[in-house]
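Student: 3D, please:
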Amino acid sequence: MTRGLIVAAPRSGGGKTTVTLALLAALARRGVAVRAGKSGPDYIDPAFHAAACGRDSLTLDSWAMPPALLDATLAQAGCDAELLLVESAMGLFDGIDAPPGRRGSAADLAARYRLPVLLVLDVSGQSQSVAAVARGFATHDPAVRIAGVVLNRVASPRHHAGAAAALREAGIALLGSVPRDPALALPERHLGLVQAREHGTLDGFLAGLGAMAERDLDLAGILDLAGPIEAAAPAPGPPLPPPGQRIAVADDAAFSFLYPHLAAGWRDAGAELVRFSPLADQPPPADCDSCWLPGGYPELHAATLAAAGQFRAGLAAFGKTRPVHGECGGYMVLGQALTDAAGTAHAMTGLLGHATSFATRRLHLGYREATLVADCAVGRAGQRLRGHEFHYATVVDPGRDAPLADLADAAGTAFGPAGGRRGQVSGSFFHAIALQPDPPPS
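Tutor: Take a look at the predicted model:
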């Protein structure tokens, strides 16, 4: 039976990703069939997870994914893994104001599946006080079990000894500590970490994390903490209907944000995914019947995309007869122009009428529910999808295309019409995670 463990912390930036990657690298090197997951919407950390253990990282989002889909997704971990490590988004209990179990927090997963939690505590600027923090987390919710603690950013043996003594006195298990070492940090940019595929020395970095885990973490004790995963459920259908039977998917450094659970759902529904690279000036393959432009970092490659004549001409021809959809970065490339951070405007494909700018930056972040206003590549009119937005780009010219969906946040606050559609082409800044069940008849 597959066992699972949640790696969490009190906040973002506390060391969850470092500890998760170190454990994945060390356990994979020991021959453990280990897999990872992420408790909320994220593309970047899961790509590092996959690089560390050789298996796609699962998205496990208790707000965006209907419970039946959540159960089925977690059950998939048992197909090819002995151990599932789920990295928490933000802090362990952080989520939205929603009914218990649907808050989007890692604590939802810990309670629903009785998964123990390994709490990562950043002790920079403190020592014995860490025990009070650990005690608070351990007693906050009786349904969430804190099984042990790993200390992060430990400055010296003396620093470690003071925190360890306080935890021991509080009766909280200490499973190791991560030293304060800049070499253990991953490089960042405006949306978070630099992508795994862009990390030039990733193999060496992961090997270093694995060696640190072997030296400084109690791997046997951490393995013993993991509890059985008791989620066995058939998939209720693909999280998102496949937009075609043979889907051309843009895949390079500018277009890399495609959730593995969506791709797996499309394949399970009988669709085939065919990868192509706009940055290499490749058009979508002509033998495909739909095209998907995922999010990513097109603003870093705007000049290359503007000069990719075969890609632009091929996409325009494709979109005359077959569906083309762009999410976030893909949506930006479907527009008339993209202005980069330096203020230079670059012509994009022009299949939709809007224009975007990264020079005019404003953070758009949060859960979203989209209700489609017309049939399109992502579903039928009236269907609801849950997902998120995370971008800094600003629409500087909305164009005159028909909207794709009516958008609201997780609290139900309406944002109004969003995205655009023109003929067979559609797109928006919205990243879809899962289609929602139709509400019961009133």
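Student: going forward, measure contacts and count neighbours with C-alpha atoms only.
Tutor: Will do.
Student: show me how far stretch 256-267 is from its chain's centre.
Tutor: 11 Å (C-alpha atoms, centre = their mean, to the nearest Å).
Student: how close does the residue nearest to A271 when sequence neighbours are not counted get to D268?
Tutor: Spatial nearest neighbour of A271, excluding adjacent residues (C-alpha to C-alpha, 6 or more residues apart in numbering): Q245 at 4.3 Å. According to C-alpha to C-alpha, to the nearest Å, Q245 and D268 sit 11 Å apart.
Student: could you do I6 as well?
Tutor: 27 Å.
Student: neighbour count for these two, which is higher?
Tutor: Of the pair I6 and D268, I6 is the one with more neighbours under other C-alpha atoms under 10 Å, namely 30 against 14.
Student: and what about the more buried one, helix, strand or coil?
Tutor: strand (DSSP: H, G, I helix; E, B strand; the rest coil).
Student: ok, what's across the strand from it?
Tutor: V86, V117 (DSSP bridges).
Student: which residues sit against the host helix or strand of A138?
Tutor: A138 is located in helix 130-140, with elements delineated by DSSP states H and E. Here helix 130-140 makes contact (C-alpha atoms under 8 Å, 6 or more residues apart in numbering) with L119, L121, V123, V144, R145, I146, V149, A163, A166, L167, A170, I172.
Student: rerun that using 7 Å as the cut-off
Tutor: Applying C-alpha atoms under 7 Å, 6 or more residues apart in numbering, the contact partners of helix 130-140 are V123, R145, I146, A163, A166, L167, A170.
Student: can you pick the most crowded of those?
Tutor: Within the contacts of helix 130-140, most neighbours by other C-alpha under 10 Å means I146, with 25 neighbours.
Student: report the contact partners of the residue nearest to that residue when sequence neighbours are not counted.
Tutor: Excluding its sequence neighbours, the residue lying closest to I146 (C-alpha to C-alpha, 6+ apart) is V117, at 4.8 Å. With contact taken as C-alpha under 7 Å, 6+ apart, V117 is in contact with L5, I6, V7, A8, R145, I146, A147.
Student: tell me the one of the residues you listed nearest T20?
Tutor: V7 (6.7 Å; C-alpha to C-alpha).
Student: per the record, what domains does this protein have?
Tutor: What automatic domain parsing lists as the domains of the chain is 3-228, 246-435.
Student: how about the strands in the stretch 101-250 of the chain?
Tutor: Taking DSSP state E, counting those that start in this stretch, the strands of the stretch 101-250 of the chain run over residues 117-122, 146-154, 174-179, 188-189, 192-193, 227-228, 246-250.
Student: touching the last one from outside, list them.
Tutor: When contacts are defined by C-alpha under 7 Å, 6+ apart, strand 246-250 is touched by residues 271-278, 284-285, 288-294.
Student: could you list the low-pLDDT ranges of the chain?
Tutor: 187-200, 231-232, 440-442 (pLDDT under 70).
Student: repeat that for 50
Tutor: Within the chain, the stretches with pLDDT under 50 are 189-193.
Student: which stretches of it form helices?
Tutor: Listed in chain order, the helices of the chain (DSSP state H) span 16-29, 44-53, 67-76, 106-113, 130-140, 157-170, 202-216, 219-225, 260-268, 302-306, 309-319, 329-334.
Student: could you list the buried residues of the first one?
Tutor: For helix 16-29, a neighbour-count test (16 or more other C-alpha atoms under 10 Å) marks 16-28 as buried.
Student: residue contacts, R11?
Tutor: M90, G91.
Student: could you rerun that using 8 Å?
Tutor: Per C-alpha under 8 Å, 6+ apart, neighbours of R11: M90, G91, L92.
Student: switch those residues over to a markdown table; also include distance to R312 and neighbour count.
Tutor: As requested, the contacts of R11 are exported to a markdown table (distance: C-alpha to C-alpha, whole Å; neighbours: other C-alpha atoms under 10 Å):
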| residue | distance to R312 | neighbour count |
| --- | --- | --- |
| M90 | 38 | 20 |
| G91 | 42 | 19 |
| L92 | 44 | 26 |
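Student: would you turn these into a markdown table with distance to P437?
Tutor: Below are the contacts of R11 laid out as a markdown table (distance: C-alpha to C-alpha, whole Å):
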| residue | distance to P437 |
| --- | --- |
| M90 | 27 |
| G91 | 29 |
| L92 | 27 |
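Student: if we can go back for a sec, hey, which of the strands of the stretch 101-250 of the chain is tucked in deepest?
Tutor: strand 117-122 (a mean of 27; mean count of other C-alpha atoms under 10 Å).
Student: that strand vs strand 174-179, what angle?
Tutor: Between the axes of strand 117-122 and strand 174-179, defined by axes from the mean of the first three to the mean of the last three C-alpha atoms, to 10 degrees, the angle is 30 degrees.
Student: tell me the angle of strand 117-122 relative to helix 130-140?
Tutor: Using the same axes, to 10 degrees: strand 117-122 against helix 130-140 is 150 degrees.
Student: rewinding a little: how about the helix holding A138 as CSV, C-alpha atoms only?
Tutor: Extracted as CSV, the C-alpha positions of helix 130-140 are listed here (Å, rounded to 0.1, in the frame of the first residue of the first chain):
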residue,chain,number,x,y,z
VAL,A,130,10.2,27.3,18.0
ALA,A,131,8.6,24.8,20.4
ALA,A,132,5.7,27.2,21.1
VAL,A,133,5.1,27.5,17.4
ALA,A,134,5.2,23.7,16.9
ARG,A,135,2.9,23.2,19.9
GLY,A,136,0.4,25.7,18.5
PHE,A,137,0.3,23.9,15.1
ALA,A,138,0.1,20.5,16.8
THR,A,139,-3.0,21.5,18.9
HIS,A,140,-4.8,23.8,16.4
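Student: and it, how far out from the chain middle?
Tutor: 28 Å.
Student: buried ones in that helix?
Tutor: V130, A131, A134, F137, A138.
Student: mind putting these into a markdown table with distance to R153?
Tutor: Formatted as a markdown table, those follow (distance: C-alpha to C-alpha, whole Å):
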| residue | distance to R153 |
| --- | --- |
| V130 | 12 |
| A131 | 16 |
| A134 | 16 |
| F137 | 19 |
| A138 | 21 |
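Student: ok so, going back, for T73, find the nearest of the strands of the stretch 101-250 of the chain.
Tutor: strand 227-228 (15.3 Å).
Student: direction included, what does the closest one pair against?
Tutor: Strand 227-228 pairs in its sheet with strand 3-8 (antiparallel), by DSSP bridges.
Student: relative to G104, how far out is R368?
Tutor: 12 Å.
Student: nope, F257 is what I meant
Tutor: Taken as C-alpha to C-alpha, the span from F257 to G104 is 20 Å.
Student: same check on L352?
Tutor: On the measure of C-alpha to C-alpha, L352 and G104 end up 33 Å apart.
Student: which residues does A147 contact?
Tutor: P116, V117, L118, L119, I172, A173, L225.
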